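1. Could you look at this predicted model? Sequence included:
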There are 2 protein chains.
Amino acid sequence: MPIKREKPKERFSYDPKKVIKKLEDLGKEILELVREGRNPFIDIPTRGLSNVYFDERSRLIKMGNKLSRRYFLNVAHARKFMQTLLIAAYVKRLVSEGKHASLREAYYANKHSLAGSKENTFESQSESDPIIEDLERTLGVLREEMHLTADRRGYVYGDLTIRDGEDEFNCSKLGMGGWAVPGTVEHLEFVNINADYVLVVETAAMADRLIEEKYPKKEKAIIIATQGQASRGVRRLIHRLHYEEGLPIIVFTDGDPYGWYIYSTIKQGSINLAYLSEKLATPEAKFVGMTMDDVEKYDLRNVTEKLKGIPPNKRGGPSGDYKRIIEEMNYPWFKTKEWQRQLKLALKWGVRIEQQALANKSLEFVAKKYLPEKIAKEELLP
Amino acid sequence: MPIKREKPKERFSYDPKKVIKKLEDLGKEILELVREGRNPFIDIPTRGLSNVYFDERSRLIKMGNKLSRRYFLNVAHARKFMQTLLIAAYVKRLVSEGKHASLREAYYANKHSLAGSKENTFESQSESDPIIEDLERTLGVLREEMHLTADRRGYVYGDLTIRDGEDEFNCSKLGMGGWAVPGTVEHLEFVNINADYVLVVETAAMADRLIEEKYPKKEKAIIIATQGQASRGVRRLIHRLHYEEGLPIIVFTDGDPYGWYIYSTIKQGSINLAYLSEKLATPEAKFVGMTMDDVEKYDLRNVTEKLKGIPPNKRGGPSGDYKRIIEEMNYPWFKTKEWQRQLKLALKWGVRIEQQALANKSLEFVAKKYLPEKIAKEELLP
């Protein structure tokens, strides 16, 4: 069965009115408590590992249902309570006015001293960021839906026409550069797509190689370069292209613990952001390479690199790459026999293999043989 | 005198034929030596501080004229001689075929064992990168002109129409995303520009703020986000927009040693790449902020951050930010009284100020007041 675009599973759902409604409801509930003469509080889903689990059915890292109650009239809670309402009010202004702010701007914008005291509302961004996460968890909306933008990184190349406000452009007509993915992709509309799948690529150099080889046109693929760990904007874009547009997602990283971790985050979400998995992760994503089997099959032994750190059977071990691989072997989504095989081989041989090591064959090899063959034969890891 | 586009000083000069000619001449010279029965050699400008100076007239870090002779029949030179010719031959193929390779690909593509031995041509990229730099110095051409691409980072937003091969696009019609700057910008043609100047911005969050505030349209500016230290592609793009298109360059970074260093690199080049200053640097660039004077003028004292490290008069000092600032005070291009004043104030107050701290006034403040006022009044540092 060839890799083809499927039927969409989700609809474009961004709606600023819903976000404002949720914020207003939060405000009304607190006002109600004040009017009743009660101690105002907010119920916030508990953070941390104790409230996170891997849902086997949906194959997602999810948040549990433990709640922490944050009171206004409680010496230990009062400061955070005040901060939560400050940020909530700020977000309401942002969304109402159709403006966006970075996390850092949100911190600076809300930092001031409280009237009649030397106390500041926020002392550092490490105080405002967790409050924003609390609001995400409490309201069940993405930071991006609250118009708070994440750091941006990554670009797109392929036959995908996007509308952003008054602008409409095709991501295969922007030269070698491609389109830079903004911090927030909620509001983007996909006008037209002429592609069979999305190929997510770890390194810019490899994405540029594929663009130069005209891979996106020949193979009808949209290329998304993550440039390292995928930014939230990129992860959200991948999610939307899969669920709203039915595009299969194929991930291509270095064959090392960091590359596999990048795949893992795109596929299953991360523990930090467990409460967002349903909107950020794409459990149906598949992995094309690099694998340890590639090293044998394509005779790449002499362009592997040694794993960093100490192996498990040596004194001081496991550390570095070895430790990371052993951790990954315990991730529920790497418990499949295919992944266990790859991870064990890496430990056994003590090597890693980079995407760009394929250049040892020829510059064209990756675009003309490696990827098309593996994808056509569906030699993909789950 | 308002900031306006000036008359161009340079012409579009990329010519692959010239690069090939230089490579062929190098090969012919060596062949000639072999035919004469002499020991083949290559003269390579010496690397390192001893062969670098600051040219007061052009205001550029430049390379001196010391040469090192690399012989084939010399046990200490033979390996590097072989590597130099391997890379030169590889580059000739790349340029002839119109292909590009990353530094990493160039390493992998040229790594193989020598016939009849266990010796590898290259053991790691740390062997091939310096050879590429040697070739740049020897031939007087940029790595990018040899089709070896640097890591890419940064994006452009503004009324600038670019042609890249068959594609032609306007960088103000790509939504909030903007155009991702590729590793190599040599081949790009600027078809049409409707702007008075280029504003180079350190952080993506600030660039996005200005885009959201429609600053590029209102102020007729092209925004280039460097996303940290400017990549070679971005520095080359800035250089080309200034010299070939006459656009004044104004740099906007955080008010801290790292931000000032970013400015310094755009303006004067770096010691590592002294041999490329003439093609990568833009000594006419000016600096709009953040400055220590801004802290006073715009009443930003309560959103400054403390400098990291130990001040010069304390035990163990100077270290961290303090050390960095003292180093910068000794850069020839920071010897002006304006810069000395800013750097001294930073040391005295022990603070740094971020671009995004301006959000403490209002989100619009930077776009509606801070930048337009400073630029109109030419309150710029040299």
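-> Received the coordinates, thanks.
2. For the residue in the stretch 201-350 of chain A that chain B sits nearest to, give me its contacts.
-> With C-beta to the nearest C-beta, the shortest gap between the stretch 201-350 of chain A and chain B falls at A:Ala205, namely 3.6 Å. For every residue, glycine as well, the C-beta is placed using N, CA and C. A:Ala205 makes contact with A:356, B:102, B:104-105, B:149, B:151, B:183, according to C-beta atoms under 8 Å, 6 or more residues apart in numbering or on different chains.
3. repeat for A:Asp254
-> A:Asp254 neighbours (C-beta under 8 Å, 6+ apart): A:202-203, A:290, A:352-355.
4. Can you tell me the SS state at the most centrally placed residue in chain A?
-> The centre of chain A sits closest to A:Arg235, judged by C-alpha atoms, centre = their mean, with a distance of 3.7 Å. The local conformation at A:Arg235, judged by DSSP: H, G, I helix; E, B strand; the rest coil, is helix.
5. OK, contacts around the closest residue to it other than its chain neighbours?
-> Nearest residue to A:Arg235, sequence neighbours excluded (C-beta to C-beta, 6 or more residues apart in numbering or on different chains): A:Leu280, at 4.9 Å. Contacts for A:Leu280 (C-beta under 8 Å, 6+ apart) come out as A:142, A:232, A:235-236, A:239, A:269, A:273.
6. just the buried members of those residues?
-> Buried residues within the contacts of A:Leu280, counting neighbours by 16 or more other C-beta atoms under 10 Å in any protein chain shown: A:142, A:232, A:235-236, A:239, A:269, A:273.
7. and A:Leu174, that's in a strand?
-> No - secondary structure of A:Leu174 (three-state DSSP): coil, not part of a strand.
8. B:Asp167 is in contact with that one, correct?
-> Yes - under the criterion of C-beta atoms under 8 Å, A:Leu174 makes contact with B:Asp167 at 6.2 Å.
9. and the two? which has more neighbours close in?
-> A:Leu174 (25 against 14; other C-beta atoms under 10 Å in any protein chain shown).
10. Now do the helices in the stretch 201-350 of chain A.
-> Assigned by DSSP state H, counting those that start in this stretch, the stretch 201-350 of chain A shows helices spanning A:204-212, A:215-218, A:232-243, A:257-268, A:277-280, A:292-297, A:320-329, A:337-349.
11. how about those helices in TSV, adding distance to A:Lys80?
-> Shown next, in TSV, are the helices of the stretch 201-350 of chain A (distance: least, C-beta to C-beta, whole Å):
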stretch	distance to A:Lys80
helix A:204-212	40
helix A:215-218	48
helix A:232-243	24
helix A:257-268	28
helix A:277-280	25
helix A:292-297	47
helix A:320-329	32
helix A:337-349	41
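12. Quickly, which of those bottoms out on average pLDDT?
-> Sorting these by mean pLDDT places helix A:277-280 lowest, at a mean of 82.
13. Show me how chain A divides into domains.
-> Domain assignment for chain A by automatic domain parsing gives A:16-149, A:155-376.
14. Dump these to JSON lines, plus distance to B:Lys377.
-> Listed next are the domains of chain A as JSON lines, based on distance: least, C-beta to C-beta, whole Å:
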{"stretch": "domain A:16-149", "distance to B:Lys377": "25"}
{"stretch": "domain A:155-376", "distance to B:Lys377": "32"}
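15. Just say which of the ones you listed is most tucked in.
-> By mean neighbour count, with neighbours taken as mean count of other C-beta atoms under 10 Å in any protein chain shown, domain A:155-376 ranks first of the domains of chain A at a mean of 20.
16. got the residues of the stretch 201-350 of chain A near chain B?
-> A:204-205, A:208-209, A:212, A:227, A:302-303 (C-beta under 8 Å from any C-beta of the partner chain).
17. residue ranges with poor pLDDT in chain A?
-> A:1, A:271-275 (pLDDT under 70).
18. Out of the contacts of A:Ala205, which is nearest to B:Glu10?
-> B:Gly183 (21.2 Å; C-beta to C-beta).
19. what sits opposite the residue lying closest to that closest one once chain neighbours are set aside in the beta ladder?
-> Spatial nearest neighbour of B:Gly183, excluding adjacent residues (C-beta to C-beta, 6+ apart): B:Thr149 at 3.4 Å. Beta-bridge partners for B:Thr149, by DSSP bridges, are B:Ser102.
20. Is B:Thr149 in contact with B:His100, as I believe?
-> Yes - judged on C-beta under 8 Å, B:Thr149 makes contact with B:His100 at a distance of 5.1 Å.
21. For these two, list the residues in contact with both.
-> With C-beta under 8 Å, 6+ apart as the test, B:Thr149 and B:His100 both reach A:208, B:183-184.
22. With only the CA atoms kept, save the helix or strand encompassing A:Glu24 in PDB.
-> Per DSSP states H and E: A:Glu24 is located in helix A:16-35. Taking Å, rounded to 0.1, in the frame of the first residue of the first chain, the C-alpha atoms of helix A:16-35 are listed here in PDB:
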ATOM      1  CA  PRO A  16     -10.500  33.100  19.600                       C
ATOM      2  CA  LYS A  17     -14.100  33.600  20.900                       C
ATOM      3  CA  LYS A  18     -13.900  30.200  22.700                       C
ATOM      4  CA  VAL A  19     -10.700  31.200  24.500                       C
ATOM      5  CA  ILE A  20     -12.200  34.500  25.600                       C
ATOM      6  CA  LYS A  21     -15.300  32.700  26.800                       C
ATOM      7  CA  LYS A  22     -13.200  30.400  29.000                       C
ATOM      8  CA  LEU A  23     -11.300  33.300  30.500                       C
ATOM      9  CA  GLU A  24     -14.500  35.100  31.200                       C
ATOM     10  CA  ASP A  25     -16.000  32.000  32.900                       C
ATOM     11  CA  LEU A  26     -12.900  31.700  35.000                       C
ATOM     12  CA  GLY A  27     -13.300  35.400  36.100                       C
ATOM     13  CA  LYS A  28     -17.000  35.000  36.800                       C
ATOM     14  CA  GLU A  29     -16.500  32.000  39.000                       C
ATOM     15  CA  ILE A  30     -13.900  33.900  41.100                       C
ATOM     16  CA  LEU A  31     -16.200  36.900  41.300                       C
ATOM     17  CA  GLU A  32     -19.100  34.700  42.400                       C
ATOM     18  CA  LEU A  33     -16.900  33.300  45.300                       C
ATOM     19  CA  VAL A  34     -16.000  36.900  46.300                       C
ATOM     20  CA  ARG A  35     -19.700  37.900  46.300                       C
END
